[in-house]
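Asker: Predicted model and sequence below, questions to follow.
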Amino acid sequence: MSGLVRSLAVLMVLTALVLAPRPGGQPADAARHPTMKLEGVPSEAALVDRFLEALRKNDAAALHDLRVTDAEYLGVILPGSVEPGQPLRAWRPDANQYFWGILDTKSRYSEINLLEQFGGRTYHLKSTEFAKGTKTYATYNAYRQLRLVLTGEDGEDVRLSTGSIAELGGQWKFISFVRE
């Protein structure tokens, strides 16, 4: 009996290691989906730096470019938002367009709001947190609800809350700028 218990314990530990989020690494199922990729930046830090730079420059196009495209959302994020080991989710084309349309529209309004609140100012990063933690999905790692503490030019701390980030194959990109 103790051999069976020991074997089950080893199996549970190995399963947890395989399914655990691996920051900067591949999701557990990435090898099953080698054609899926994001065209992002090489690290979380680089993404946050570019985000703050786009705000400093008040650059709407640069800010928008930090977010997944419709092809990335429909090809990686939406179908791969299932537990590792599960089949990818297939949606009807009209459902795909509906989900993308809602996310894209809300993110565009969030981009405008971010530029209105934070654009044209220089901020220095003090801390980064993901309010809803991290989660590994079948095709990507999600870092949910970015919260930044920034120091403004006047030395005062400023809190910035925005959406979630995806990482796949060492490439990082915002899924959306929508705060929940």
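Answerer: Done, it's in.

Asker: Please, where are all the helices along this protein?
Answerer: 2-19, 44-56, 60-65, 70-72, 78-80, 93-118 (DSSP state H).

Asker: Okay, buried residues for the fourth one please.
Answerer: Under the neighbour-count criterion of 16 or more other Cβ atoms under 10 Å, helix 70-72 has residue 72 buried. Bear in mind the C-beta positions are built from the backbone N, C-alpha and C, glycine included.

Asker: Kindly tell me how buried residue 99 is, as a neighbour count.
Answerer: 15 (other Cβ atoms under 10 Å).

Asker: What pLDDT is listed against it?
Answerer: The score at residue 99 is 97. That number is its pLDDT.

Asker: Ok, residue 45 next?
Answerer: Residue 45 is given a pLDDT of 98.

Asker: Relative to residue 84, how far out is it?
Answerer: For residue 45, the distance to residue 84 equals 26 Å [Cβ to Cβ, to the nearest Å].

Asker: Of these two, give the one with the bigger neighbour count.
Answerer: Using other Cβ under 10 Å as the criterion, residue 45 and residue 84 rank with residue 84 on top: 17 against 12.

Asker: what about residue 180, how many residues close to it?
Answerer: 10.

Asker: What is the neighbour count of the closest residue to residue 128 other than its chain neighbours?
Answerer: Among residues not flanking residue 128 along the chain, residue 148 sits closest, at 5.9 Å (Cβ to Cβ, 6 or more residues apart in numbering). Residues near residue 148, counting by other Cβ under 10 Å, number 19.

Asker: Name the surrounding residues that touch stretch 36-46.
Answerer: 23-24, 30, 47, 50, 66, 68-69, 72, 75-76, 80, 128, 139-140, 143, 165-173 (Cβ atoms under 8 Å, 6 or more residues apart in numbering).

Asker: and the gap between residue 105 and residue 57?
Answerer: 24 Å.

Asker: between those two, who's got more neighbours?
Answerer: Per other Cβ under 10 Å, whichever of residue 105 and residue 57 has more neighbours is residue 57, with 15 against 11.
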